[in-house]
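Participant: Got a predicted structure plus its sequence, pasted below:
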Amino acid sequence: MTAITAATETTLCCILAEVLGLDVVRPQDGFFEVGGDSVLAVQVVARAREAGLALTVRDLFDHQTAETLAAAIGDLAAATGGSADAVTSGQSPQLTFAADEFGDFDDVGAGQQPSDVDAGWETFT
């Protein structure tokens, strides 16, 4: 493991622990196994992006440990000017998601589910 990947892994462990309300998350701990869920996944992505890491919700679902996630996304903090200090800055993140990250919702009416997403949705009004 390179120093860059180790720094990314450490940053991800800190983010995961903070979002999950745990004292420590080890690099091999699975996000969902230690209490993560889809709502918390969005928070992890927001914190990672604050820290300059190019992370998507899909990345977190595909690579559920800090160890495998760091290896998959690499270290983009230097390229984007991010810093691990941003994790604890207390600033609210601005999130943008890729158009296809959550499926196609353009033609979905109230109470309907997009055809390309395998999930149950409830509509609250």
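Facilitator: Noted; the coordinates are in hand.

Participant: Can you spell out which helices and strands pack onto the lengthiest helix in the chain?
Facilitator: Counting by DSSP state H, the longest helix found in the chain is helix 3-20. Counting contacts by 3 or more C-beta pairs under 8 Å, 6 or more residues apart in numbering; DSSP states H and E, helix 3-20 is packed against helix 38-50, helix 66-73, helix 77-80. Quick note: C-beta positions are derived from backbone N, CA and C, even for glycine.

Participant: Now that helix - C-alpha only, CSV.
Facilitator: The C-alpha trace of helix 3-20 is given here as CSV (Å, rounded to 0.1, in the frame of the first residue of the first chain):
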residue,chain,number,x,y,z
ALA,A,3,1.5,6.3,1.5
ILE,A,4,-1.2,8.1,-0.5
THR,A,5,-3.6,5.1,-0.3
ALA,A,6,-2.8,4.8,3.5
ALA,A,7,-3.7,8.5,4.0
THR,A,8,-7.0,7.9,2.1
GLU,A,9,-7.7,4.8,4.1
THR,A,10,-7.1,6.7,7.4
THR,A,11,-9.3,9.6,6.3
LEU,A,12,-12.1,7.1,5.3
CYS,A,13,-11.8,5.3,8.7
CYS,A,14,-12.2,8.7,10.5
ILE,A,15,-15.2,9.7,8.3
LEU,A,16,-16.9,6.3,8.8
ALA,A,17,-16.3,6.4,12.6
GLU,A,18,-17.7,9.9,12.8
VAL,A,19,-20.8,9.3,10.7
LEU,A,20,-21.5,6.0,12.4
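
Participant: Show me what counts as buried in that helix.
Facilitator: Going by neighbour count (16 or more other C-beta atoms under 10 Å), the buried part of helix 3-20 is T5, T8, E9, T11, L12, C13, C14, I15, L16, A17, V19, L20.

Participant: State whether the first one and A71 are indeed in contact, as I suppose.
Facilitator: In this case it means T5. Yes - using C-beta atoms under 8 Å, T5 makes contact with A71 at a distance of 6.2 Å.

Participant: re the thing from before, now the longest helix of the chain: average pLDDT?
Facilitator: For helix 3-20, the mean per-residue pLDDT is 90.
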